[in-house]
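Peer 1: Quick one: sequence plus predicted model below, questions after.
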Amino acid sequence: MKTYLFYLLIFTLTITSCKGQCIKKQISNNLKQEKMKEMLFRDNLERSTKYPGGFKLPDGSEMQKSENMDYYNFDIKLPDSPYGAEYIYFKNPIQLKIEYNKFYSASIGILKEYDIQDNLIKEINLDAGFGFSLQNVIDKMQADYKIDLLHPPKGLYRDLERSLAKSNTPPIYKFAFDDNKINNRRIIVLNGNTGELISDNYILFVDE
């Protein structure tokens, strides 16, 4: 039980709250990384019942693991929550390369990148470039569309993506969700600087 609670504490401390709440970390970064690596690379993890090929972590989070020639990638989703995290590890030696947080599919917060010697070499503010904050989006979706982004419904698709400004377009938030009342998927796109509506469309599903 003590081991379970420690793992849960370690993982919870890696997730940044969009409400600006701060949890003081009482453990060193090196210890946190070692415990996280130990948890991610365990060979006796329970198989996920939610994601094909995925696993369950000791705190109930769902993890999807992939790899290429050089890196391991871990996509982690907190239980019954839109928050998650992404971890990328070097393969030789197994060492953390990149870590950042997620809200649905949107990368958020501070991305940290390390070299093979575990030195922090880069920090990128993933929220920069969006004048309309993620909290603004959460509030707007609740007020204008009666959609609670913080509590995903069970059994219905819901996702949020965002992208930075391009040469002739502003940054955007793209929210997609299923409406089981009329059997379709609604896609709402907001201006990432102002929050103004850019488009609101439906994709109809036809039963065969």
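Peer 2: Nice, I can see it.
Peer 1: all helices for the chain, in order.
Peer 2: Counting by DSSP state H, the chain has helices at residues 2-12, 29-40, 134-145.
Peer 1: what pairs with the spatially most central residue of the chain across the strands?
Peer 2: The chain has Lys102 as the residue nearest its centroid, 2.2 Å off, counting by Cα atoms, centre = their mean. Beta bridges link Lys102 to Gly84, Ser107, judged by DSSP bridges.
Peer 1: Was I right to think it contacts Ala85?
Peer 2: Yes: counting by Cβ atoms under 8 Å, Ala85 is a contact partner of Lys102 at 6.3 Å. In short, each C-beta sits where N, CA and C put it, glycine included.
Peer 1: one step back: least confident of the helices of the chain, on average?
Peer 2: Among those, helix 2-12 has the lowest mean pLDDT, at a mean of 43.
Peer 1: circling back: just list the residues touching the residue nearest to the centre of the chain, thanks.
Peer 2: 83-86, 108 (Cβ atoms under 8 Å, 6 or more residues apart in numbering).
Peer 1: And the strands in the protein?
Peer 2: 46-47, 55-56, 62-67, 71-77, 83-90, 95-103, 106-114, 120-125, 158-163, 172-179, 184-191, 197-204 (DSSP state E).
Peer 1: Save these as JSON lines, and put in distance to Leu149 and mean pLDDT too.
Peer 2: As requested, those are arranged in JSON lines below (distance: least, Cβ to Cβ, whole Å; pLDDT from 0 to 100):
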{"stretch": "strand 46-47", "distance to Leu149": "28", "mean pLDDT": "88"}
{"stretch": "strand 55-56", "distance to Leu149": "24", "mean pLDDT": "88"}
{"stretch": "strand 62-67", "distance to Leu149": "19", "mean pLDDT": "90"}
{"stretch": "strand 71-77", "distance to Leu149": "15", "mean pLDDT": "92"}
{"stretch": "strand 83-90", "distance to Leu149": "11", "mean pLDDT": "94"}
{"stretch": "strand 95-103", "distance to Leu149": "8", "mean pLDDT": "94"}
{"stretch": "strand 106-114", "distance to Leu149": "11", "mean pLDDT": "95"}
{"stretch": "strand 120-125", "distance to Leu149": "21", "mean pLDDT": "96"}
{"stretch": "strand 158-163", "distance to Leu149": "7", "mean pLDDT": "95"}
{"stretch": "strand 172-179", "distance to Leu149": "8", "mean pLDDT": "92"}
{"stretch": "strand 184-191", "distance to Leu149": "11", "mean pLDDT": "93"}
{"stretch": "strand 197-204", "distance to Leu149": "16", "mean pLDDT": "90"}
